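> Build me a model:
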Amino acid sequence: MTVAQPDVTVIIGAYEAMPYLVDCLASVEAQTVDRTRIEVIAVDDGSTDGTGEYLEEFAARAPMPVTVIRQANSGGPSGPRNVGLGRARGRYVFFLDADDRLGPEALQRMIAMADENGTDVVLGKVEGVNRSAPRSMWDKTLKRTDVFSSNIKFTLSAQKLFRRELIERHGMRFDESLWTGEDALFTMEAYLRANGVSVLADHTCYYLVGREDGKHVTRSGSYTLRFDSARALMTLLADLLPPGPKRDVLMVRPFLVTLLPQFGPKFLTDSEEIRRNKFELARPLMEAYWNEDVARRLKVDERLRLHLVAAERPDLLTDVVAFVKAKKEAPAVLEKKGRRLYLAYPHFRDRAADIPDAVYLADAREARAFPGYREAPLDAFLRGAARKVRRTLFPRPNPPRERAAAAKEPVHGLSQREGATDPGAPATT
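This next block holds a predicted model:
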């Protein structure tokens, strides 16, 4: 007798997951997908706290088929996920971390979204529990979008619904050589190869749970691992995209999220040896991928720090990092009758530093916050016309009062598991 193909395979990689695993599995059991249309593959990655035993107990009583695989510790989440992919039969796969949990109806809604729109990846809204979560991509539900015209590049964790045929057609697997950022590599490749991506923003599908013991956090390890992660993602983008604006808009992500933090406040306390090594690790990445188009998509302080990394000026960089760490406000310098605004961070127009004025030039989005700035008439006209087109094509369902409340809501965005900041809506799209 032929067994029907499940709609979805939920892949759970688990390591020392008790007691959080209890709520995780309960959230799977509570899903509204028909029990004959869901399968669970759970991989215990060498736990010693009862995780494996609890998975087996769950498999014995669960209303859906559950396969439990127990193996020696592999050192990271990639191994268990790849093992799960090798056994998956569902039309879709969903990667669920053992200390997190699914929202009610999450799988049913995400599968319906993918089926209705023919999309290969579905992002369900994520909320943090005792921790922050990416937020800038949940502005509205999008039936079909892509990585270039939305903010989804700032959520590259693996907790999404993927069409399994896409994964198998391209032989996609998690890179087990990376200790951090392996999910970013997998998810970005899926975004780029997908026949459309859906964003389900009006229903919480995933709860990102903060553990008191901190074991959910990607291992910090050596700072060199972050450079490995940035290099891998930049290489992927270069392999899949030709040079040009599309590649540059995505290069913002590894520069901003992975590379720039290595030249943040911690840099001030790094030894001279570590500082030199960081510059050496950054050099080939800056030479290969840093350019004016990437730079102009960043805020002034971000652009300035990376410019100094590219110029190999650690002596000037420490001044800028100290200024930013102190949360000082850079003086605004208005020129051209108020239509050009520079932010005078350290070494602005310092002849000895020889940093181009363009590095300090604020774009219109950043400059509009400063009194006295006058946007060029053509720019203002084009911006207004673009808003009008967006309102016509994509009317927002929530009333003005809700929109105003949402506008005041601060944007948070540190996903420690994926090692990513979510800058909200920076000048990158």
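> domain ranges for the protein?
Domains of the chain are assigned by automatic domain parsing as 8-209, 221-328, 330-379.
> First-to-last residue distance for the first one?
Just to be clear, that refers to domain 8-209. Distance across domain 8-209, first residue to last, is 23 Å (C-alpha to C-alpha, to the nearest Å).
> the helices in the stretch 101-250 of the chain, which residues?
106-117, 164-169, 182-193, 224-240, 245-253 (DSSP state H, counting those that start in this stretch).
> same question, the stretch 251-400 of the chain
Using DSSP H, counting those that start in this stretch, helices in the stretch 251-400 of the chain cover 266-269, 272-289, 292-295, 300-310, 314-325, 364-367, 377-393, 400-408.
> Just list what the longest one packs against, helices and strands only.
This points to helix 272-289. helix 224-240, helix 300-310, helix 314-325 (3 or more C-beta pairs under 8 Å, 6 or more residues apart in numbering; DSSP states H and E). (C-beta placed from N, C-alpha, C; glycine too.)
> Pull the number of nearby residues for the nearest residue to His203 once chain neighbours are set aside.
Computed as C-beta to C-beta, 6 or more residues apart in numbering, the closest residue to His203 that is not its neighbour in sequence is Arg109, at 5.7 Å. Neighbours of Arg109 under the rule other C-beta atoms under 10 Å: 21.
> Please report how far Arg109 lies from Leu208.
18 Å (C-beta to C-beta, to the nearest Å).
> ok, back up a step: of the helices of the stretch 101-250 of the chain, flag the one that's most buried.
helix 182-193 (a mean of 22; mean count of other C-beta atoms under 10 Å).
> between it and helix 245-253, how many degrees?
Orientation note: helix 182-193 sits at an angle of 160 degrees relative to helix 245-253 (axes from the mean of the first three to the mean of the last three C-alpha atoms, to 10 degrees).
> Show me what helix 182-193 packs onto, helices and strands only.
Using 3+ C-beta pairs under 8 Å, 6+ apart, the elements in contact with helix 182-193 are strand 121-129, helix 164-169, helix 224-240.
> Out of the helices and strands in the protein, which is least certain?
strand 414-415 (a mean of 33; mean pLDDT, DSSP states H and E).
> on that earlier part again, can you list the helices and strands packed on helix 182-193 in a markdown table and add distance to Phe154 and mean pLDDT?
Shown next, in a markdown table, are these (distance: least, C-beta to C-beta, whole Å; pLDDT from 0 to 100):
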| stretch | distance to Phe154 | mean pLDDT |
| --- | --- | --- |
| strand 121-129 | 11 | 96 |
| helix 164-169 | 21 | 98 |
| helix 224-240 | 13 | 97 |
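> right, and these - which one's nearest Ala358?
When the helices and strands packed on helix 182-193 are compared by C-beta to C-beta, helix 224-240 sits nearest Ala358, at 23.3 Å.
> What is the distance between the closest one and the centre of its chain?
Its chain's C-alpha centre and that of helix 224-240 lie 14 Å apart, by C-alpha atoms, centre = their mean, to the nearest Å.
> Kind regards, and thank you for your time.
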